[in-house]
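Enquirer: please work out how this folds:
(chains A and B)
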Amino acid sequence: MPANPTNQAKPTEKQTIKPSNNSSRKPEDYSEVLRACEPTKSPLSAFLVQPKINFESQEKNEKILLLLRKHFITNISWIFMVVLALFVPILLTYIPAFLLLPSRYQIVTIIVWYLAVFGFALEQFLSWYFQVYIITDERIIDYDFYSLLYKRVSKAKIDNVEDVTYEMGGFLASFFHFGNVYIQTAGEKLELDFEYVPNPELVSKLLNELMIEEEREKLEGRVS
Amino acid sequence: MNLSLGIDIPLLVTDFMIILKGFYVLGLFLYLIFAVVVVKQVQMMTEALSGVLLLPIKPLAWFHLFASLVVFVLAVFLL
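Expert: Below is the predicted model:
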């Protein structure tokens, strides 16, 4: 049974209490999901457990428990397009208009084509790689980068989560085990959607465990 | 060689090549701006997320910008 912290100094309003005494519990203590999953080491993973990553609005004692991306299989369409595009210069040699150009124009055209393909692939990869969903021990954060210089960050405290639903349907989703997780909140942002994330049932389970732990903390007076 | 219409073919071809070069240079200049924006985008993204489990994306973006600049210069002086 954790020690009662009532004899400790009263915190300020802005201070989030996570005292470094026996009353705080490690996430592994209350989460079966975190106990079952090893911390992730692969940077290309779409399901990173307790990653060594920081985000810009992270609080001092806040820990990232899960960082999610869309399943890698969602990239298959642009990867396929890039592979096809690599062979387009070969087809150019069959186009009479291209062959009429001076050789230096042909060379520059081919170089420009490959540069454009590289730029397209880079942009698609960045869009997948940095569009992340983060679950910490305090909050849920959704980073959306809609275009080149436009980002939207949606946050919700675990306290405000009211309902968690997940769905998994279709051939690809069933085969590769990914789906959507819908999080209803009581905050300004009513719903956060985690789209095409791996292991949606584990995500849902972790969120439920965090909600239970938040309730426990309130009952035990460990949160301001 | 002159056609019966009085059009000078070599001059026409030269004009066409100048216009074509203009399109290449303009297109590559716009692409260069895009490459700069990509570098800025990567900077914004790595400020939002940082840590050891992130790939070295910044060198990739800078390489893309450098390659765009080289191709632009190539188009200006080679074409």
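
Enquirer: what's near enough to touch the closest residue to residue A:110 other than its chain neighbours?
Expert: The shortest distance from residue A:110 to any non-neighbouring residue, by Cβ to Cβ, 6 or more residues apart in numbering or on different chains, is to residue A:89 (4.7 Å). In this view, the C-beta of every residue, glycine as well, is placed from N, C-alpha and C. Listed by Cβ atoms under 8 Å, 6 or more residues apart in numbering or on different chains, the contact set of residue A:89 reads A:110, A:113, A:114.

Enquirer: which among those end up buried?
Expert: Buried subset of those (neighbour count, 16 or more other Cβ atoms under 10 Å in any protein chain shown): residue A:110.

Enquirer: dump the contacts of residue A:89 into TSV; add secondary structure as well.
Expert: Output for the contacts of residue A:89, formatted as TSV (DSSP: H, G, I helix; E, B strand; the rest coil):
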residue	secondary structure
A:110	helix
A:113	helix
A:114	helix
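
Enquirer: now the closest residue to residue A:66 other than its chain neighbours: how far from chain B?
Expert: Distance criterion Cβ to Cβ, 6+ apart; nearest residue to residue A:66, sequence neighbours excluded, is residue A:135 at 4.3 Å. Relative to chain B, residue A:135 is positioned 14 Å away (Cβ to the nearest Cβ, to the nearest Å).

Enquirer: now residue A:135: which helix or strand?
Expert: Following DSSP states H and E, one finds residue A:135 within strand A:133-136.

Enquirer: and stretch B:13-33, how far out from the chain middle?
Expert: 10 Å (Cα atoms, centre = their mean, to the nearest Å).

Enquirer: now do stretch A:126-139
Expert: With Cα atoms, centre = their mean, you get 3 Å for stretch A:126-139.

Enquirer: give me the mean pLDDT for it.
Expert: Per-residue pLDDT values over stretch A:126-139 give a mean of 93.

Enquirer: endpoints of that stretch, how far apart?
Expert: One end of stretch A:126-139 sits 24 Å from the other (Cα to Cα, to the nearest Å).

Enquirer: residue contacts, the residue in chain B that chain A sits nearest to?
Expert: With Cβ to the nearest Cβ as the measure, residue B:51 is the residue of chain B nearest to chain A, at 3.5 Å. Going by Cβ under 8 Å, 6+ apart, residue B:51 touches A:51, A:52, A:53, A:54.

Enquirer: now, those that are in helices?
Expert: With DSSP state H as the criterion, helices contain none of the contacts of residue B:51.

Enquirer: can I get these in a markdown table including neighbour count?
Expert: Putting the contacts of residue B:51 into a markdown table (neighbours: other Cβ atoms under 10 Å in any protein chain shown) gives the following:
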| residue | neighbour count |
| --- | --- |
| A:51 | 24 |
| A:52 | 13 |
| A:53 | 19 |
| A:54 | 15 |
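
Enquirer: distance from stretch B:8-21 to the middle of the chain?
Expert: 22 Å.

Enquirer: number of residues surrounding residue 26?
Expert: Chain wasn't specified; assuming chain A. 10 (other Cβ atoms under 10 Å in any protein chain shown).

Enquirer: my question was about chain B, not that one.
Expert: Residue B:26 has 11 neighbours, counted by other Cβ under 10 Å.

Enquirer: can you pull the pLDDT of it?
Expert: 96.

Enquirer: do you know how far it is from residue B:33?
Expert: Residue B:26 sits 11 Å away from residue B:33, taking Cβ to Cβ, to the nearest Å as the criterion.

Enquirer: now swap in residue B:41 and tell me
Expert: From residue B:41 to residue B:33 the distance is 13 Å (Cβ to Cβ).

Enquirer: settle it for me: which of these two has more neighbours?
Expert: Between residue B:41 and residue B:33, counted using other Cβ under 10 Å, the more crowded position is residue B:41 (23 against 11).

Enquirer: what's that one sitting at in phi/psi?
Expert: With angles defined as degrees, to the nearest 10, residue B:41 sits at phi -60, psi -40.

Enquirer: for it, what are its contacts?
Expert: Going by Cβ under 8 Å, 6+ apart, the list of residues near residue B:41 reads A:126, A:145, A:148, A:149, B:61.
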